[in-house]
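Participant: okay, predicted coordinates and the sequence, questions at the end:
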Amino acid sequence: MNSLLAAKLRYYLLSIIALLSHLLAVQAAAGARKGAPLLDVRIYTPGEADRGQLSELGIQFENHATAPFVDALLSGEKLTALRKSGLAVTVLSNAHVNRALPPTCKSFSEVEDDIFALQRRFPDIVHIEQIGSSTTLGVPIWAVKVSDHAAVDENEPTILFQALHHARELIGVHVCLALLEDICEKYGRDRDVTRWVDSIEIWVVPVMNPDGYKYMFETEVRFPWWRKNLRDNDGDGRFDPLVDGVDLNRNYGYNWQEGGDGKPGSWFYRGAHAFSESETRAIQRLALRENFAMGVSYHSYGESVLYPWGNFDRPPDIELIVDIAHNLARRIQRVSGRGTYIILPLDGRVGQSSIWFYGALRTIDFIVEVGTEHIPKPHVIPTILTQQLRGVYYLLERLLQSGVKGVVYDRETGAPLVAEIVIREFRADYVRPRRTDSRYGSFYVVLNPGRYTLEVRSEGYAPRVLRKVRVKENGVVDLTIGLERLSGERNTW
Ligand SMILES: [Zn+2]
């Protein structure tokens, strides 16, 4: 072999080696990128203490001093470190979005973006509060309050609209977002909407079950889709749809033990005990504080208004409840355009939200089964929303239409009192009467026109009976009720 040929061979060999090593390097780099992709994440309520740690990870806060969450791009390693620190973090990546869902459906983070954008646009009438965190992922449960001077707790009647006890019942979220946007847009322009916002505290919880909602979106689950939350029933540290999750609309504490199913794998599993889930406790806390006079929980589907309740110890004011349910239902046209929603009684022996709301707080609360399927086709959604808004308007108007309200106070000191307002005509020992709130000592009871006898009771005070209180067709009777401290109770300290 001559030296020229040898040199040529060596040149080709070296070229091949160079090319091969280049290819290997490219592959290795690609592999490295695959192993550590950057994730679009949302970090919730970073407190002062967390900010140092977050800025070490290159997450800046200058423009987010009061933001309830901040979005960032992070490696998987950094995400794990953040999760270990106890902060609630969720991945926003839509790479795993459930492809069975129509694109009109909004993910949980899109719902958050919507409500906070609304607050920025209408800061005077929109106030957002985190009322709790989800059971498994620790994600915030948001409540949006629309009212004049929204950030202040005023002495006004309250109403609650909420959705998504059941993960797959997505249309209720759309209804909540639509009613928020509609009312905010029309405030100051539409006479009725302005009056409602000025005189009512309108609360909206668009996603009470964020864990289930995220599961619907981020996991390739197909019909019949997910219903419950993500409670780890068997405590094995991972989520298994065959054994895990609690049906949040069987977890409320009124006749809880008689409803739902005791088997964890059941789609109607009622939980280990009443209010075992942080989602239902969040609603309970808000309800006890705000003392809602009325409420609606949106579910799907069935084109019906369900009221508390039809069996055994019937609600003492069933006539009023059925009357309002009927008026609500007949305002909501069906998807087909033929006829309106129907009304149906709920079972009182179930730990459903409406049953508890009525039994514990005497809130006139309904379940509205929206539409004809869990996830309506995009082209029918606008019609559904328009019809549901008609129902919302009716309830807001009815709340202000007729009833009795007032303040209960200590005659000697003038201090507001926590008291029970018993309407004697509607007295029953198996449901609690309406109560005053501790801050203003105020109460609000929706009633049909008529004459009523009110009994006002507060511990340590002589009860007072107000006879022949006349509620007219239009107008809410306003009472100021002073109570005398019982003499036996005086100076007991
Ligand atoms: Zn449901």
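Facilitator: Okay, I see it. None of the values given here were measured: they were computed from a predicted structure.
Participant: for the residue nearest to Val207 when sequence neighbours are not counted, give its distance to the ion.
Facilitator: Using Cβ to Cβ, 6 or more residues apart in numbering and skipping the chain neighbours, the partner closest in space to Val207 is Leu164 (4.8 Å). All C-beta atoms are positioned from the backbone trio N, CA, C, and that covers glycine. Noted for Leu164: a distance of 9 Å to the ion, by Cβ to the ion, to the nearest Å.
Participant: looking at it, Leu164 is touching Asp211, isn't it?
Facilitator: No: when contacts are counted by Cβ atoms under 8 Å, Leu164 is not listed as touching Asp211 (10.5 Å).
Participant: what helix or strand is whichever residue of the stretch 1-150 of the chain sits closest to the ion on?
Facilitator: Here the stretch 1-150 of the chain gets closest to the ion at one residue, Cys105, 16.5 Å apart by Cβ to the ion. Secondary structure assignment for Cys105, by DSSP states H and E: no helix or strand.
Participant: where along the stretch 201-350 of the chain do the helices fall?
Facilitator: Assigned by DSSP state H, counting those that start in this stretch, the stretch 201-350 of the chain shows helices spanning 210-218, 278-290, 318-329.
Participant: what residues of stretch 438-448 count as buried?
Facilitator: By neighbour count with 16 or more other Cβ atoms under 10 Å, stretch 438-448 contains the buried residues 441-447.
Participant: picking that back up, of all the helices of the stretch 201-350 of the chain, which gets the most neighbours per residue?
Facilitator: Stretch with highest mean neighbour count among those: helix 210-218 (a mean of 26; mean count of other Cβ atoms under 10 Å).
Participant: could you list the low-pLDDT ranges of this protein?
Facilitator: 1-4, 14-36, 45-52, 60-67, 93-99, 220, 488-493 (pLDDT under 70).
Participant: near the ion, which residues of it?
Facilitator: Residues of the chain lying close to the ion by Cβ under 5 Å from the ion are 166, 169, 299.
Participant: show me what contacts the first one?
Facilitator: Shown here is His166, whose contacts under the criterion Cβ atoms under 8 Å, 6 or more residues apart in numbering are 209, 212, 227-228, 247-249, 299.
Participant: just the closest of the residues you listed to the ion, please.
Facilitator: The ion lies nearest to His299 out of those, by Cβ to the ion, at 3.3 Å.
Participant: who are the contact partners of the closest one?
Facilitator: 163, 165-166, 169, 172, 249, 367-370.
Participant: what segments of the stretch 151-300 of the chain are strands?
Facilitator: 158-163, 201-205, 294-299 (DSSP state E, counting those that start in this stretch).
Participant: list the buried ones in the last one?
Facilitator: Taking 16+ other Cβ under 10 Å as the basis for neighbour counts, the residues of strand 294-299 that come out buried are 294-299.
Participant: show me where the stretch 1-150 of the chain has its helices.
Facilitator: 3-35, 48-56, 76-84, 108-121.
Participant: tally of neighbours for Leu13?
Facilitator: The number of residues packed near Leu13 is 10, by other Cβ atoms under 10 Å.
Participant: Arg362 against Arg434, yeah?
Facilitator: Yes: Arg362 is in contact with Arg434 according to Cβ under 8 Å; the separation is 4.7 Å.
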